[in-house]
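J.: after the sequence you'll find the predicted model.
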Amino acid sequence: MKRNKISRLVFILAMVLAADGLNAQAAHEITLNVDTKNPNPGKACFFKAGKNTTVLNNSSPETFTILAQVGDNIVWKGVSSTEPNIPVKITAIKYISGPRIFTSDTIKGDKLVQATVIRGGKAPYKYQIQFSAGSNSRMYTIDPKIQIGE
């Protein structure tokens, strides 16, 4: 009888741990691809998302929207789509509107920026991504979005 209770307890514990694993945090890698040969690289770019990321809209850089969950980690990085040796540096993610899903309104970086989603909301989180291309010190901006799932 005692052995049955222990077996049942072990089974329940295993099920709880397995169910918790289904809600694991995801890592989202967002790559900003910039045409660094273009005289205005801020207008000659597009986003790509890693395979673990659901893209809700990718019709333009301004409408680019991904789906994320509370606890997910998001990493933004930049690359040149035309000149592999030219660096594209993402220097900041700045809050514009919607729920404040990160710990700060401005998240700074050097070559890439990363942040963890700490809260959700019904409206999309709209942010400004700031980047530079090559040795040019000019900053460019794009305003994509993140939708937090329930």
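T.: Good, I have the coordinates.
J.: so who does the spatially most central residue of the chain touch?
T.: Closest to where the C-alpha atoms of the chain average out (Cα atoms, centre = their mean) is Ile74, at 3.3 Å. Ile74 sits next to 27-28, 30, 66, 68, 114-117, 146 when contact means Cβ atoms under 8 Å, 6 or more residues apart in numbering. (C-beta placed from N, C-alpha, C; glycine too.)
J.: can you check Pro99 too?
T.: 119-123, 125, 148.
J.: can we see that at 10 Å?
T.: Taking Cβ atoms under 10 Å, 6 or more residues apart in numbering as the criterion, Pro99 is in contact with 117, 119-125, 146, 148.
J.: with distance to Pro61 added, can I get those in CSV?
T.: Converted to CSV, these look like this (distance: Cβ to Cβ, whole Å):
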residue, distance to Pro61
Val117, 21
Arg119, 25
Gly120, 24
Gly121, 23
Lys122, 24
Ala123, 20
Pro124, 15
Tyr125, 16
Ile146, 14
Ile148, 20
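J.: dump these into CSV; add pLDDT and neighbour count as well.
T.: Listed next are these as CSV, based on pLDDT from 0 to 100; neighbours: other Cβ atoms under 10 Å:
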residue, pLDDT, neighbour count
Val117, 97, 22
Arg119, 95, 12
Gly120, 93, 16
Gly121, 92, 14
Lys122, 92, 9
Ala123, 95, 11
Pro124, 96, 20
Tyr125, 97, 23
Ile146, 97, 25
Ile148, 96, 20
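J.: could you export the residues you listed as a markdown table, including secondary structure and distance to Ile107?
T.: A markdown table is the format used below for the contacts of Pro99 (DSSP: H, G, I helix; E, B strand; the rest coil; distance: Cβ to Cβ, whole Å):
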| residue | secondary structure | distance to Ile107 |
| --- | --- | --- |
| Val117 | coil | 12 |
| Arg119 | coil | 15 |
| Gly120 | coil | 17 |
| Gly121 | coil | 17 |
| Lys122 | coil | 22 |
| Ala123 | coil | 19 |
| Pro124 | coil | 17 |
| Tyr125 | strand | 12 |
| Ile146 | strand | 12 |
| Ile148 | strand | 16 |
